[in-house]
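Colleague: Could you look at this predicted model? Sequence included:
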Amino acid sequence: MAKGKKDTAKDAPSTEEFVQRINELTTDLQRTRADFENYRKRVEQEKQMARMNGEATAVLHLLPVIDNIERAIAHIPDNLANDKWAQGVAGLVKNLEKSLDSMNLKKIDAKSGTVFNPELHEAIQFQEDAEGDQEVIEEELQSGYTLHGQPIRSAMVKVTRK
C-alpha cells in the first residue's frame, strides 16, 4: 500500500455493524414516536379537563341566579299568578333549563320520598324522632346539579326515616 493512504477495507463498517446501527436507530425512532403519541394524548386530555373546569366554573357562577329565579317563581303572589309578565318569567326558567340541559347540566333528583344518597345529597336537617330503616328525603331545600354526570353541587335536603 502506498504511503499516506488508509486501508479503506479495514475502516469500513461490516454488514453486521450496519444492521446493528439500523436496529438502534429504528428502536430510537419507535421510542420517539411513542413518546410523541403519549404527549399528544396527554395534551388533549389536559385541554379537555381545562374545558370542563371552565364550564363547571361558569355554571357554578350561574347557579345562584337560577336559584333566585326558581325561588321567585315559587313565591309568586296569587294575584299575579295569571299575569303575563309572571308567566313570561316562568317561561324564561324553562328556556334556561333547556339551555343548561344542552350543556349536560342535570338537576339532582331530591323529591320528597327519594332515598338519601350522600354522594348527591347534603343533609342540612335530620328529623331525629322519625322511625324506620331507610333514610329518605323529606324536603329539598336547595337544588343540586350534575355536570357530565359528576356532581358539581349537592342538593341540600331535609332527611327523615321511613
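Modeller: Received, thanks.
Colleague: Show me what the strand or helix carrying T146 is packed up against.
Modeller: Element membership for T146 (DSSP states H and E) is strand 145-147. Applying 3 or more C-beta pairs under 8 Å, 6 or more residues apart in numbering; DSSP states H and E, one finds that strand 145-147 makes contact with helix 15-74, strand 105-107, strand 150-153. Backbone N, C-alpha and C define where each C-beta goes, glycine included.
Colleague: helices or strands up against the longest one?
Modeller: In terms of contacts (3+ C-beta pairs under 8 Å, 6+ apart), helix 15-74 is packed against helix 84-102, strand 145-147, strand 150-153.
Colleague: For E119, find the nearest of those.
Modeller: For the helices and strands packed on helix 15-74, proximity to E119 was assessed by C-beta to C-beta; strand 150-153 is nearest, at 6.7 Å.
Colleague: residues of the closest one that come out buried?
Modeller: Across strand 150-153, burial judged by 16 or more other C-beta atoms under 10 Å covers P151, I152, R153.
Colleague: Check stretch 50-63 too.
Modeller: Neighbour-count burial for stretch 50-63 flags E55, A56, V59, L63 (criterion: 16+ other C-beta under 10 Å).
Colleague: Tabulate the helices and strands packed on strand 145-147 (TSV), appending distance to V89 and mean pLDDT.
Modeller: Shown next, in TSV, are these (distance: least, C-beta to C-beta, whole Å; pLDDT from 0 to 100):
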stretch	distance to V89	mean pLDDT
helix 15-74	6	93
strand 105-107	19	93
strand 150-153	23	95
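Colleague: can the ones you listed go into a markdown table with extra columns for distance to L92?
Modeller: Below are the helices and strands packed on strand 145-147 laid out as a markdown table (distance: least, C-beta to C-beta, whole Å):
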| stretch | distance to L92 |
| --- | --- |
| helix 15-74 | 7 |
| strand 105-107 | 16 |
| strand 150-153 | 21 |
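Colleague: contacting residues around Q134?
Modeller: V115, R161, K162 (C-beta atoms under 8 Å, 6 or more residues apart in numbering).
Colleague: Same question for A123.
Modeller: Counting by C-beta under 8 Å, 6+ apart, A123 touches F116, V157, K158, V159.
Colleague: Quick check, pLDDT for K5.
Modeller: Note for K5: predicted pLDDT of 53.
Colleague: Walk me through the domains of this protein.
Modeller: Residue ranges for the domains of the chain, per automatic domain parsing: 14-103, 106-162.
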